[in-house]
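Trainee: the sequence and its predicted three-dimensional model are supplied below.
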Amino acid sequence: MKIATCLTADGAIGTPFEASSICVFERSEEGWKQIQSFDYFPVPDMGVNHARLLLEGIASLIHDCEVFLLAEMRGYAHVWLGELGFRTWKSEGTLFEQLDSVAAQDALSADEQTPAEPGACGTVRGCGGGGCGGSCGAGGTAPQSACASSRYGAESSSLSASFGSGATIPEPEPVGEATARHYRVDLAAILDAEPSLNSRQVLLPVLEKGDFLLLEVHLGHLPKWFAQTLESLGLEAEISDAIAPSLGLIAWITPKSEGRKKQ
């Protein structure tokens, strides 16, 4: 049994939008042992898009764990963690008392669930959707792509299909309304999934096509060809550190005439 939680500087359980560290605990015969920990640094007064990127980044660093202990069950963190495949819980007491309590409640919830029809996802009692972000409703159903069988659901399936034969390069991911022409490319994830590709192969066709007002690129480092290519194509980029240092960089690319449209 593994449970993730976020701890404040004084060791109390907090929320992901406070400056804190993420810890993953695993229960063994000897008790709870911390098996993973990393610090991260939220930006004060960050917007909704920034907050969601933070949570997605945190989720990408947590390994083999589907239960998350929170200080609060209200707000974005609870819903978004559910969408990312976590069962979320709140408890009372010391850290290890809460870990024990959540482990027991989670196991009981799993035992009490009735089998669902294929493609359905039942709501886990007390966890706001059991990975569906509440979209199923109590006792309801949702499309299989909304369920928590995989932390990234349809996104992982899409990447797998894209790289299944001939290392096909995936299309940029639309963000928001189509009229916004805002797209996202997770270059780091693409190159990690398919080492035979390089940054130029993935990004250059997107940059040359230029069918965007804002292109959000997540990368581990800036390629050597990046700045000169943007200049030649009439594009400009604002580079910022990702919220967690281990997540690399984010490049916000816009046509020079458009200016920055990052939220």
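Mentor: Yes, it's here.

Trainee: give me phi/psi at H78?
Mentor: phi -60, psi -50 (degrees, to the nearest 10).

Trainee: pull the number of nearby residues for it.
Mentor: 23 (other Cβ atoms under 10 Å). Quick note: C-beta positions are derived from backbone N, CA and C, even for glycine.

Trainee: you'd agree it is up against A71?
Mentor: No. H78 lies out of contact with A71 (Cβ atoms under 8 Å); the separation is 10.4 Å.

Trainee: what ranges do the strands span in the stretch 151-263 of the chain?
Mentor: 173-174, 182-186, 214-219, 235-241, 249-255 (DSSP state E, counting those that start in this stretch).

Trainee: strands paired with the shortest one, and their directions?
Mentor: The sheet places strand 173-174 alongside strand 182-186 (antiparallel), with pairing taken from DSSP bridges.

Trainee: now the partner strand and strand 249-255, what's the angle there?
Mentor: 150 degrees (axes from the mean of the first three to the mean of the last three Cα atoms, to 10 degrees).

Trainee: ok, the closest residue to T229 other than its chain neighbours - contacts?
Mentor: Spatial nearest neighbour of T229, chain neighbours left out: L207 (6.5 Å); criterion: Cβ to Cβ, 6 or more residues apart in numbering. Neighbouring residues of L207 by Cβ atoms under 8 Å, 6 or more residues apart in numbering: L215, T229, L230, L233, L235, I253.

Trainee: and those residues, which two are furthest apart?
Mentor: Farthest-apart pair in the contacts of L207 is L215 and T229; separation 12.8 Å (Cβ to Cβ).

Trainee: quick revisit: distance to Q36 added to the contacts of L207, as JSON lines?
Mentor: JSON lines is the format used below for these (distance: Cβ to Cβ, whole Å):
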{"residue": "L215", "distance to Q36": "32"}
{"residue": "T229", "distance to Q36": "37"}
{"residue": "L230", "distance to Q36": "37"}
{"residue": "L233", "distance to Q36": "41"}
{"residue": "L235", "distance to Q36": "38"}
{"residue": "I253", "distance to Q36": "33"}
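
Trainee: need the buried ones from the residues you listed selected in PyMOL.
Mentor: Per 16 or more other Cβ atoms under 10 Å, the buried members of these correspond to this PyMOL selection:
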select buried, resi 215+229+230+235+253
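
Trainee: center of this protein, which residue is that?
Mentor: E56 (1.8 Å; Cα atoms, centre = their mean).

Trainee: what's the burial count for E238?
Mentor: 11.
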